[in-house]
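[1] Fold the following for me, if possible:
(one chain, ligands or ions: 1)
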Amino acid sequence: MEFPFDINQLFSERVSILDQTIVAGRKAAGRPHLQAHIDTVIDELGKASAKAQQLPASITSASKLQSQKHQLYLLKNREMNGGRGVVVGFLKVGYKKLFLLDRQGEHVEAEPLCVLDFYIAENLQRYGYGLELFDFMLQHKKLEPLLMAYDRPSPKFLSFLAKHYCLTPSVPQANNFVVFEGFFLNRSAGQLRKVPLRKPDGEIKPYSLMEREVVHQEQRARPWPFAPPHSPQRSVSSQLSHSLSVGSSPSRLPPRAAAALAPGGNRDQSPQSPLIERCRERRTSQQGRAGRCSLYSWHMDSRAPGLLDRPLPGPDLSHFHLCLHPRRMASAPRPP
Ligand SMILES: CC(=O)SCCNC(=O)CCNC(=O)[C@H](O)C(C)(C)COP(=O)(O)OP(=O)(O)OC[C@H]1O[C@@H](n2cnc3c(N)ncnc32)[C@H](O)[C@@H]1OP(=O)(O)O
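    Predicted coordinates for the structure are as follows:
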């Protein structure tokens, strides 16, 4: 994503971490125009992400970031745009108190780190940048993806998690959040608090109202003619059929990006470079399509029997299996 100002001047690191304080951070302190540029970058990223997910409004913006205790990891590429740099994408995380259903169907209260928003610029998707950013966040938080919760993950994101971390949605939740096999197993009792089914003042509310939900409710609340003629959310099946039809290894890298990514090119270095490099090499090869699942094979072993008992035909579609499998339709995260 290009901007008419110098991205390298705004963000010195390949991955910058922004939160409610850093958004008005050191570089921008006392320099209002730099602060305004940072705000513009965050707002534009939020808009692009909302558009990509077909959300009616942004769930990420500079003003929201300043008012919430979230962290935003921003990935840039220093070389692109004539050396002024481009913003590749962002990942927003934050802790949320959630009421979740465990495998026994009991409500438990947990406060996991949640992935709230994630976006890589359209022309740079499927080149390993998402993995680089996600891995950076995991290392920074010293966390495994299994222990996190995911706010209404899109089909692309589910595919990403299945491919790179072998994550398979576990217990369908009453809210928009998805947790994966092992989420409950790998937590100490202190991190999960059982909640009685009924509180004295009535039924428990199984979820916190999330930004995505607020955005939808705001949209629904608007009277005609301001309300959209139909829901902007596509059905899960149509999203899936689109995803499936997109194919898995497109060659849609723009010339500048291709130059920056070419072997021996002058791309920014990152601590995860060999892994990411391998991931990007896989764009032109069918080898290695299992991602890094072997790293998480212990987790696969604990998967409920029968979950993947009917593989889909064709290559590497296993990560779509859950959403297509009739028994798992209830866990599809984005209702039509
Ligand atoms: C909780 C939330 O934030 S939900 C919102 C998630 N964000 C979105 O859906 C916005 C649009 N999508 C994106 O921005 C990106 O595709 C992301 C962030 C999901 C992934 O980032 P990328 O840089 O593309 O991922 P990366 O290159 O590391 O991994 C590629 C894998 O991601 C998945 N993926 C990425 N793009 C697609 C796509 N168009 N269709 C299906 N799967 C996709 C696939 O598993 C892919 O592997 P494959 O190419 O072998 O099939």
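
[2] How about the residues of this structure by the ligand?
    Contact residues, the chain versus the ligand (CB under 6 Å from any ligand atom): 49, 52-53, 115, 117-120, 125-131, 150-151, 153-154, 156-157, 159-160, 163, 243, 246, 248-249. Where C-beta positions appear, they are placed from N, C-alpha and C, glycine not excepted.

[3] switch to 5 Å and redo it
    52, 115, 117-120, 125-126, 128-131, 151, 153-154, 156-157, 159-160, 163, 243, 246, 248 (CB under 5 Å from any ligand atom).

[4] So which of these are in strands?
    The strands, defined by DSSP state E, take in V115, D117, F118, Y119, I120, D151 from those.

[5] Can you tell me which of the residues of the chain next to the ligand are buried?
    Neighbour-count burial (16 or more other CB atoms under 10 Å) applied to the residues of the chain next to the ligand gives 52, 115, 117-120, 125-126, 128-131, 151, 153-154, 156-157, 159-160, 163, 243, 248.

[6] mind listing what the residue lying closest to A52 once chain neighbours are set aside touches?
    Sequence neighbours aside, Y119 is the residue nearest to A52 in space, at 6.1 Å (criterion: CB to CB, 6 or more residues apart in numbering). The contact partners of Y119, by CB atoms under 8 Å, 6 or more residues apart in numbering, come to L45, A48, S49, A52, G89, F90.

[7] Most neighbours among these, please name it.
    Counting neighbours by other CB atoms under 10 Å, F90 comes out on top of the contacts of Y119 with 27 neighbours.

[8] Can you verify it is assigned to a strand?
    Yes - according to DSSP: H, G, I helix; E, B strand; the rest coil, F90 belongs to a strand.

[9] when you give positions from now on, start the count at 701
    Happy to do that; since the first residue is 701 now, the last one works out to F790.

[10] How much space separates it from S749?
    From F790 across to S749, the span is 8 Å (CB to CB, to the nearest Å).

[11] try I759
    I759 is 8 Å from S749, by CB to CB.

[12] what residues do those two have in common as contacts?
    Counting by CB under 8 Å, 6+ apart, the residues touching both I759 and S749 are D817.

[13] Okay, now the unreliable bits of the stretch 751-900 of the chain?
    886-900 (pLDDT under 70).

[14] give me the residue from it nearest the ligand.
    When distances are taken as CB to the nearest ligand atom, the stretch 751-900 of the chain reaches nearest to the ligand at G830, 2.3 Å away.

[15] tell me the contacts of that residue?
    So G830 contacts G789, F818, I820, F860 (CB under 8 Å, 6+ apart).

[16] Dig out what the third one forms beta bridges with.
    To tie it back to what came earlier, the one meant is I820. G789 (DSSP bridges).

[17] Let me know whether it touches Y829 as I believe.
    Yes - I820 lies in contact with Y829 (CB atoms under 8 Å); the separation is 5.0 Å.

[18] Now do the shared contacts for the two.
    Joint contacts of I820 and Y829 (CB under 8 Å, 6+ apart) are L775, V788, G789.

[19] who's in contact with the second one?
    I take that to be V788. Applying CB under 8 Å, 6+ apart, the residues contacting V788 are M701, L775, K776, N777, I820, A821, L824, Y829, L833.

[20] which among those gets closest to A736?
    Set against A736, the nearest of the contacts of V788 by CB to CB is M701 (17.0 Å).

[21] Could I get the contacting residues of the closest one?
    Per CB under 8 Å, 6+ apart, neighbours of M701: E744, L745, A748, V786, V787, V788, G789, A821.

[22] do V715 as well
    Shown in contact with V715 (CB under 8 Å, 6+ apart): Y773, L774, L775, K776, L833, F836, S970.

[23] Please determine how far it is located from the ligand.
    14 Å (CB to the nearest ligand atom, to the nearest Å).

[24] Quickly list what that residue is bridged to.
    Going by DSSP bridges, V715 forms beta bridges with L775.

[25] Just the pLDDT for it.
    Note for V715: predicted pLDDT of 96.

[26] and the gap between it and R731?
    22 Å.

[27] do the same with F799
    From F799 over to R731 (counting by CB to CB), the distance is 44 Å.

[28] Among these two, which residue is more densely surrounded?
    Using other CB under 10 Å, the more surrounded residue of F799 and R731 is F799, with 19 against 10.
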